[in-house]
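Participant: next come a sequence and a model predicted from it.
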Amino acid sequence: MLEELKEANNYIINQIEEKDILLLEMEEYAKENRVPIVTKDVAEYLKFMAKMNKSKDILEIGTAIGYSGTILGRVAKENSGKLTTIEINEEMYDLAKGNFKKAKLDNINLIFGDGKEEIGKLEDEYDFIFIDAAKGQYKSFFDKSYELLKKDGIIFIDNILFRGFVYKEETPKRYKTMIKRLREFISYLYKSDFDFVLQPFGDGIGLVRK
């Protein structure tokens, strides 16, 4: 079953023909420098969900080089809104800043800092929130950002199954604490009164609707 799911994901990814030069450049940079960005199938789904929700005010936790931020920033701009995105790594912050400039996106509020701290400083409310940062801190990011989510807003959580280790019995020692926290987070989302669904494609996607 898992092998069939992997084959299905590969088939979907192979059907996606990216033509945007900037996104292609970022994909190549990420591949060469081992920078984690959303997979093509997740990128398509992310864009679809943000557009379907007619997202105007978007929050992203974990900018990296600005790949998903460029996608979300364009959706926000189509709806005369803005993207607020937070990045803790200074090198990634600088790269994202340059990529947003190349994308000619003037509706980006790029914040340098720790998401756990910076989210608490935000005063706006958001239609759509994308979480893709330190996996062991997902619950903290979620709880803080959920307070800023508008009614009918969506939180999109990437990598929630983390390479499949969340549902495997054996976990590499270096990931044990993080995997334990992800399992507890998923259990929390299911057992609490959240409108939550877990999707197995990509590296695992969690969706919460307020």
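Facilitator: That came through, no problem.

Participant: what sits against D114?
Facilitator: Going by CB atoms under 8 Å, 6 or more residues apart in numbering, D114 touches I88. C-beta here means a position set from N, CA and C on the backbone, and glycine is covered the same way.

Participant: can you count the residues close to K97?
Facilitator: Neighbour count for K97, taken as other CB atoms under 10 Å: 16.

Participant: ugh, wrong one, I meant R34
Facilitator: By other CB under 10 Å, the residues close to R34 number 6.

Participant: quick one: it and A64, what's the gap?
Facilitator: For R34, the distance to A64 (CB to CB, to the nearest Å) stands at 11 Å.

Participant: show me the helices in this protein, by range?
Facilitator: Secondary structure of the chain (DSSP state H): helices located at 2-15, 21-33, 40-52, 67-78, 90-102, 115-118, 138-146, 176-191.

Participant: how near is L83 to K210?
Facilitator: From L83 over to K210 the distance is 19 Å, taken as CB to CB.

Participant: out of these two, name the residue with the larger neighbour count.
Facilitator: Neighbours were counted for L83 and for K210 using other CB under 10 Å; L83 has more, 31 against 13.

Participant: list the contacts of the nearest residue in space to the more buried one that is not next to it in sequence.
Facilitator: Of all residues beyond its chain neighbours, the one nearest L83 is G73 (4.3 Å), with distances taken as CB to CB, 6 or more residues apart in numbering. Shown in contact with G73 (CB under 8 Å, 6+ apart): 58, 82-83, 85, 100, 103, 105, 107-108.
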